[in-house]
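Novice: what's the 3D shape of this:
(one chain, ligands or ions: 3)
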Amino acid sequence: MASLKEHIDFSNLPKHIAVIMDGNGRWAKKKGAMRIFGHRNAVQAVKDVTEGCGELGIKYLTLYAFSTENWNRPKAEIDGLMELLVSTLKQEIGTLMENQVKLATIGETSNLPPDCQKNLAWAIDQTKNNSGMILNLALSYSGRWEILKAVNKMAEDVKAGKINPGEINESVFENYLQTSGIPDPELLIRTSGELRISNFLLWQIAYTELYITPTLWPDFRKEHLYEAIWSYQQRERRFGKTSEQLNPVS
Ligand code: IPE
Ligand code: IPE
Ligand code: MG
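Specialist: Ligands and ions are numbered 1, 2, ... in the order given. The predicted structure is shown next:
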């Protein structure tokens, strides 16, 4: 079968793709299984998409793995997700190294169970010199939490005389965000058809192109990624300008 990859314009790839990996529970339910079965089957999608992005040469992939609000789920599901994170890190470290993937996180990771924190720190340290793509996991993350944390830190710095309030602009503010140094995502993918942002990267997605697919996350594969990128490449990103300004008739 022909792959959509052949239709991708390699000169117009996003540098940063963000994904709201949603639909694991519904995927499991459709199969008459427990929700955790969906989460376990989500690992293959993560592997496939990471590999796909790496092969295309996309530098940053940010995956929404666990939101601040997800702490309100049943304890058994949270425990299962945290255990899955640890076992996946241990299992996949070799592949991350082979593919030169550098692991990073955003979010309040100090809220994660100690075993999770330990293994994350270990995997981040192991992969710190890798020169390929950056795999950024959003864990215990929410956009509002991130913005408030940035505002807090900025207020401290103003109080300490490190910055003047009048100097605060977009680029100063961005330095205080968890994603400091990472370009805003050009493309945000959400699986499972929900038409919402669910408190993800609120600041960073100001001008991001959205791609929402009914495919449930455990079913998402490279070919779906290619479709999302292809869709992104069909769009005209105007950033407030007119189409005529972008395409002047010569
Ligand atoms: C996404 O799948 C994974 C996490 C939020 C951790 P869900 O668990 O939200 O699956 P649905 O939305 O209930 O199908
Ligand atoms: C968003 O999915 C969070 C992650 C994918 C980690 P949710 O399933 O938690 O989102 P809502 O609650 O349906 O908006
Ligand atoms: Mg969900």
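
Novice: List the buried residues for the helix ranked longest in the chain?
Specialist: In the chain, assigned by DSSP state H, the helix with the most residues is helix 75-98. Across helix 75-98, burial judged by 16 or more other CB atoms under 10 Å covers G80, L81, M82, L84, L85, V86, T88, L89, E92, I93, L96. Every C-beta, even on glycine, is put in place using the N, C-alpha and C of the backbone.

Novice: Please apply the same query to stretch 229-244.
Specialist: Across stretch 229-244, burial judged by 16+ other CB under 10 Å covers I229, W230, S231, Y232, Q233.

Novice: about what we covered before: can you tell if the longest helix of the chain touches ligand 2?
Specialist: No - judged by CB under 6 Å from any ligand atom, helix 75-98 stays clear of ligand 2, getting no closer than 9.2 Å.

Novice: Now tell me what touches that helix from outside.
Specialist: Helix 75-98 is contacted from outside by 35-36, 39-40, 43, 46-47, 65-66, 70-71, 101, 103, 112-113, 115-116, 119-120, 122-123, 126-127, 130, 135, 139, using CB atoms under 8 Å, 6 or more residues apart in numbering.

Novice: Can you give me the distance of R237 to H39?
Specialist: R237 is 34 Å from H39, where distance means CB to CB, to the nearest Å.

Novice: Torsion angles phi and psi at the residue lying closest to K31 once chain neighbours are set aside?
Specialist: The shortest distance from K31 to any non-neighbouring residue, by CB to CB, 6 or more residues apart in numbering, is to F37 (7.1 Å). Phi and psi for F37, reported as degrees, to the nearest 10, are phi -60, psi -40.

Novice: what residues does this protein put near ligand 2?
Specialist: Taking CB under 6 Å from any ligand atom as the contact definition, the chain meets ligand 2 at I20, M21, D22, Y64, A65, F66, S67, E69, N70, E194, R196, S198.

Novice: what does this structure put close to ligand 1?
Specialist: Near ligand 1, when you scan the chain using CB under 6 Å from any ligand atom, you find M21, D22, G23, N24, G25, R26, F66, N70, L81, S192.
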